[in-house]
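**Q** Pasting a predicted model and its sequence here:
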Amino acid sequence: MPVRAPRSPRKPPTPAASSSPAAVPAPKPDWSAVAHDGQLRALLKTHLRTLPGADKTLVVDELDLAYGTVRADLAVIGERLEGFEVKAAHDVLTRLPKQMQAYDATFERCWLVTVEPHLAKALALVPSWWGVLVADAQATLRVHRDAGDNPLQDALHVAKLLWRDEALAKLDAIGKLAGFKTKPKLALFARLRDNLALPELTAYVCEALRARPDWRDENGNSVLASRTRAKTGATA
């Protein structure tokens, strides 16, 4: 009889591939609640109303700085002169360095109000004395860092917040008006800078700003109303 070759041992069956579902990535946060300037500004105003002395402070939207070349998103005028720059989720930080220069020249304390996605880049841009307020996706605002005293405040820029009659009144009060009644405003501002210590000048500017009736300009036009028309395209 022919000799048969021995059979090869059977290989064990290959185990079936795992059927467990793949990990589902976590959903991205929805930043729509703080996407735009107006949303973050409203949060900021609510926060400011909770602070001590809020009933004695003036909050001004879009305050002109450096003769209108930059506008502070929000200025808080109380015992101190403070400025708040708002950068919402849909904003970019491209203009922030230029805006910071105007804020630093004007305010005693400066703040950036932003959202968590901007935080790391913002902290690399703003100096250590700037305070930082941060909103999360649920529109909760928190203090990330308190503001310190601004070492770059410039007396001439502070004086430029005054109207002509406000500058003349202060020069008259300190006995430095002679020969300056008909001078241009810039000369009046320089005269104030040269004759008042910075804290005294800032205190007077705060007093003058809080005393303005209905925040109208020197021509009697409503400052806030005119800016609202410009933004919306409405006509008077």
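**A** Ah, there it is. Bear in mind that the values here come from a model prediction, so they are computed numbers and not experimental data.
**Q** Could you use CA atoms for every contact and neighbour count after this?
**A** OK.
**Q** For beta bridges, what are the partners of the residue sitting nearest the centre point of the chain?
**A** Centroid check for the chain by C-alpha atoms, centre = their mean gives residue 85 as the closest residue, at 1.2 Å. Residue 85 has these beta-bridge partners by DSSP bridges: residue 112.
**Q** So what's the residue count around residue 175?
**A** By the criterion of other C-alpha atoms under 10 Å, residue 175 has 10 neighbours.
**Q** What helix or strand is it located in?
**A** Taking DSSP states H and E as the definition, residue 175 sits outside all helices and strands.
**Q** Hmm, residue 107 and the residue nearest to the centre of the chain touching each other?
**A** No: Residue 85 lies out of contact with residue 107 (C-alpha atoms under 8 Å); the separation is 11.7 Å.
**Q** ok so, going back, who touches the residue nearest to the centre of the chain in this structure?
**A** Applying C-alpha atoms under 8 Å, 6 or more residues apart in numbering to residue 85 gives the contacts 72, 73, 74, 111, 112, 113.
**Q** Test for you: state the pLDDT assigned to it.
**A** At residue 85, the model reports a pLDDT of 96.
**Q** Residue 28: neighbour count?
**A** Counted with other C-alpha under 10 Å, the neighbours of residue 28 add up to 6.
**Q** Kindly provide the distance from it to residue 35.
**A** Look at residue 28 and residue 35: by C-alpha to C-alpha, to the nearest Å, they are 14 Å apart.
**Q** for this protein, what helix or strand is lowest in average pLDDT?
**A** Using mean pLDDT, DSSP states H and E, the weakest-scoring helix or strand in the chain turns out to be helix 223-232, at a mean of 39.
**Q** Can you give me the distance of the nearest residue to residue 157 once chain neighbours are set aside to residue 212?
**A** Leaving aside its chain neighbours, residue 157 sits nearest to residue 106 (5.5 Å; criterion: C-alpha to C-alpha, 6 or more residues apart in numbering). The gap separating residue 106 from residue 212 is 19 Å, by C-alpha to C-alpha.
**Q** again, but for residue 64
**A** Distance from residue 64 to residue 212, by C-alpha to C-alpha: 15 Å.
**Q** Those two - which one has more neighbours?
**A** Counted by other C-alpha under 10 Å, residue 64 and residue 212 do not tie: residue 64 has more neighbours, with 16 against 12.
**Q** Wasn't the more buried one part of a strand?
**A** Yes: according to DSSP: H, G, I helix; E, B strand; the rest coil, residue 64 belongs to a strand.
**Q** What residues does it make contact with?
**A** Neighbour list for residue 64: 70, 71, 72, 161 [criterion: C-alpha under 8 Å, 6+ apart].
**Q** Touching, the third one and residue 62? I think so.
**A** Yes: in this structure, residue 72 sits in contact with residue 62. The criterion is C-alpha under 8 Å, and the distance is 5.2 Å.
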